[in-house]
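Enquirer: Give the three-dimensional model of this entry:
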Amino acid sequence: MAAALEVKRKEKESPQSLVRRFTKAVQQSGILVRARERMFKDRNISEEKKKRAALRREELKAKYERLKKLGQIP
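Expert: I've put the predicted structure just below:
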């Protein structure tokens, strides 16, 4: 759902000015805001999946501590 945003170079316009106009157009259009919202949107993870992930973290932590205690991990 990307909106096409086009900024054409005016006659005798410097590249810096063109980039500035493009940046301003992008900010005003809200494209970046929508993209950031989509990028950082919280996913709907089921309770069971959350619990499984937490149990896995605990198991890995216990395994790491055991190996550290045995001297196999510095």
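
Enquirer: Check the offset of the lengthiest helix in the chain from the chain's centre.
Expert: Using DSSP state H to define each element, the chain has its longest helix at helix 47-70. For helix 47-70, the distance from its own C-alpha centre to the chain's C-alpha centre is 26 Å (C-alpha atoms, centre = their mean, to the nearest Å).

Enquirer: tell me which element Val33 falls in.
Expert: Assigned by DSSP states H and E, Val33 belongs to helix 31-39.

Enquirer: counting contacts, what elements does that helix pack onto?
Expert: If you count contacts as 3 or more C-beta pairs under 8 Å, 6 or more residues apart in numbering; DSSP states H and E, helix 31-39 packs onto no helix or strand. Quick note: C-beta positions are derived from backbone N, CA and C, even for glycine.

Enquirer: Please work out the average pLDDT along that helix.
Expert: Mean pLDDT, computed over helix 31-39, is 89.

Enquirer: then it to CSV, C-alphas only?
Expert: Written as CSV, here are the backbone C-alpha positions of helix 31-39 (Å, rounded to 0.1, in the frame of the first residue of the first chain):
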residue,chain,number,x,y,z
ILE,A,31,4.3,7.9,4.5
LEU,A,32,7.1,7.5,7.1
VAL,A,33,4.7,7.7,10.0
ARG,A,34,2.6,4.9,8.5
ALA,A,35,5.7,2.8,7.7
ARG,A,36,7.0,3.2,11.3
GLU,A,37,3.6,2.3,12.8
ARG,A,38,3.6,-0.9,10.7
MET,A,39,7.2,-1.7,11.5
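
Enquirer: from the middle of its chain, how far away would it be?
Expert: How far helix 31-39 lies from its chain's middle: 10 Å, per C-alpha atoms, centre = their mean.

Enquirer: same deal with stretch 65-74?
Expert: 35 Å.
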